[in-house]
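Engineer: coords please:
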Amino acid sequence: MKPIRVIISGGGTGGHIFPAISIANALKRMEPECEILFVGAIGRMEMEKVPAAGYKIVGLNISGIQRGSIIKNLGLPFKLLGSVRKAIQLISEFKPDVVVGVGGYASGPILYAASLKNIPYLIQEQNSYAGITNKWLGKKAAKVCVAFDDMDQFFPAVNILKTGNPVRKDVVDILNKHHAGAELLKLDPLKKTILVTGGSLGAGTLNKSIEKHLPEILKEDVQVIWQTGKFYYKGIVERLGLNFHPNVRILEFLNKMDMAYAAADVIISRAGAGTIAELCLIKKPVILVPSPNVAEDHQTKNALALVKNNAALLIADRSAEDTLVLEALALLKDKERSKVFSENIGRMALPDADNLIAQQVLNLAGKGGHK
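Structural biologist: As a prediction, the model looks like this:
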């Protein structure tokens, strides 16, 4: 019997790439002979991360709409046509049984090409609000794997399966690591600790909020694990000095995210779908500050899905600078509210997403067959 062949397409950000790699890993565990080809966008993060995870990737010359620049958008239709042509060629050569789209620029052309070639495809929609491309392509998808309720407003209800978002297992493995995490970060395990994370590039609003309210944080003798992101790190260190205070750990990036999660009592974060999936498994009190700079304001909608279940606190980006730190300090003191948040966010956890999605892919491959 021929091995099953799968194309996984998409990327652009870690929020798309890490779930894609998790699905690929699950497929390999279930079907070791399975042949997997990734398709990404040239010049984007996936072209580096996917080969590092041990998979082959091909790049399409495609990009998104550049807001505020008409000139940069003039070449888009040509890029799109070229990408669709290349996608059709890739499908003809690789002959996949199933195509998986995880979102991001490269996902559209390859899923469209799959529909033209009558190859079954699966969409993994990470957010609580589907983007334009997924809404359009979702009509013909064999399966749509989602992480939030009420997604039948975007996709045919009959094809929806609530699986959750795949997470990196090592990142959410925090059991009995509180002391070790504090020690690694050179913090006191007995002091209350806030973790602030704005993703690999960082979040300006979160950084400004922390910097502005450092006096209040220090007055309460609270510790901060402050992941500034690549974009802001240098400026913050220049202003404050790297060893600003023993209670404040300033870091550009967190290589051991599990240790930071384990050491924290309250977590402040953006509301990307992948991050939320991790936070549900971490089961700690969370304050979400959705990024206003994302398509269709999907982060606010992601955060509201938690707020609706009394599982997190939402603070709008525009008011964060004034209120965020004060709310975090109040939450640290409020044991009852912290307990409720922890319990409710834990109830929303979907820990087996990678295996559930991989199983759907294999089911479709059984039905699909080689074209």
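Engineer: All the helices of the stretch 1-150 of the chain, in order from the start?
Structural biologist: 14-30, 46-52, 70-73, 76-94, 107-116, 132-138 (DSSP state H, counting those that start in this stretch).
Engineer: separation between Lys56 and Lys28?
Structural biologist: Note on Lys56: its distance to Lys28, by C-beta to C-beta, to the nearest Å, is 13 Å. Using the backbone N, CA and C atoms, a C-beta is placed for each residue, glycine as well.
Engineer: swap that for Ser342, please
Structural biologist: When C-beta to C-beta is applied, the distance between Ser342 and Lys28 equals 34 Å.
Engineer: Who has more neighbours out of Lys56 and Lys28?
Structural biologist: Neighbour count, other C-beta atoms under 10 Å: between Lys56 and Lys28, Lys28 has more, with 15 against 11.
Engineer: quick one: that one and Lys143, what's the gap?
Structural biologist: Taken as C-beta to C-beta, the span from Lys28 to Lys143 is 20 Å.
Engineer: can you check Met30 too?
Structural biologist: On the measure of C-beta to C-beta, Met30 and Lys143 end up 16 Å apart.
Engineer: Which of the two has more residues huddled nearby?
Structural biologist: Lys143 (22 against 14).
Engineer: mind listing what that one touches?
Structural biologist: By C-beta atoms under 8 Å, 6 or more residues apart in numbering, the residues touching Lys143 are Leu122, Ile123, Asn159, Leu161, Gln360, Leu364.
Engineer: possible to save these as a markdown table with pLDDT and distance to Glu48?
Structural biologist: A markdown table is the format used below for the contacts of Lys143 (pLDDT from 0 to 100; distance: C-beta to C-beta, whole Å):
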| residue | pLDDT | distance to Glu48 |
| --- | --- | --- |
| Leu122 | 97 | 25 |
| Ile123 | 97 | 24 |
| Asn159 | 96 | 33 |
| Leu161 | 97 | 31 |
| Gln360 | 97 | 28 |
| Leu364 | 96 | 29 |
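Engineer: now the chain, which segments are flagged as low pLDDT?
Structural biologist: Residue ranges of the chain with pLDDT under 70: 63-79, 200-202, 367-371.
Engineer: Determine the number of other residues adjacent to the closest residue to Glu31 other than its chain neighbours.
Structural biologist: The shortest distance from Glu31 to any residue other than its chain neighbours is 5.8 Å, reached at Ile4 (C-beta to C-beta, 6 or more residues apart in numbering). Applying other C-beta under 10 Å, we find 22 other residues in the vicinity of Ile4.
Engineer: His245 versus Ile4, what's the distance?
Structural biologist: In this structure, Ile4 and His245 are 55 Å apart, going by C-beta to C-beta.
Engineer: any idea where the strands of the chain begin and end?
Structural biologist: With DSSP state E as the criterion, the chain has strands at 5-9, 35-41, 56-60, 98-101, 121-125, 143-146, 160-162, 193-197, 223-227, 248-251, 266-269, 286-288, 313-314.
Engineer: Out of the ones you listed, which is closest to Gln89?
Structural biologist: For the strands of the chain, distance to Gln89 was read as C-beta to C-beta. The smallest value, 10.0 Å, belongs to strand 56-60.
Engineer: Okay, angle between that closest one and strand 5-9 too, please.
Structural biologist: With axes from the mean of the first three to the mean of the last three C-alpha atoms, to 10 degrees defining the directions, strand 56-60 sits at 50 degrees from strand 5-9.
Engineer: Quick check: can you name the pairing partners of strand 56-60 and their directions?
Structural biologist: Strand 56-60 has these partner strands in its sheet, going by DSSP bridges: strand 35-41 (parallel).
Engineer: quick one: buried residues of the strand it pairs with?
Structural biologist: Glu35, Ile36, Leu37, Phe38, Val39, Gly40, Ala41 (16 or more other C-beta atoms under 10 Å).
Engineer: and what of stretch 221-241?
Structural biologist: Residues of stretch 221-241 classed as buried by neighbour count (16+ other C-beta under 10 Å): Val222, Gln223, Val224, Ile225, Trp226, Gln227, Thr228, Gly229, Phe231, Tyr232, Tyr233, Ile236.
Engineer: Between all of those residues, which two are separated the most?
Structural biologist: Taking C-beta to C-beta, no two of the buried residues of stretch 221-241 sit farther apart than Val222 and Phe231, at 25.4 Å.
Engineer: now Phe38: how far from Asp352?
Structural biologist: In this structure, Phe38 lies at 23 Å from Asp352, with C-beta to C-beta as the measure.
Engineer: Nearest to Thr133 among the strands of the chain would be which one?
Structural biologist: Thr133 lies closest, by C-beta to C-beta, to one member of the strands of the chain: strand 98-101, at 8.4 Å.
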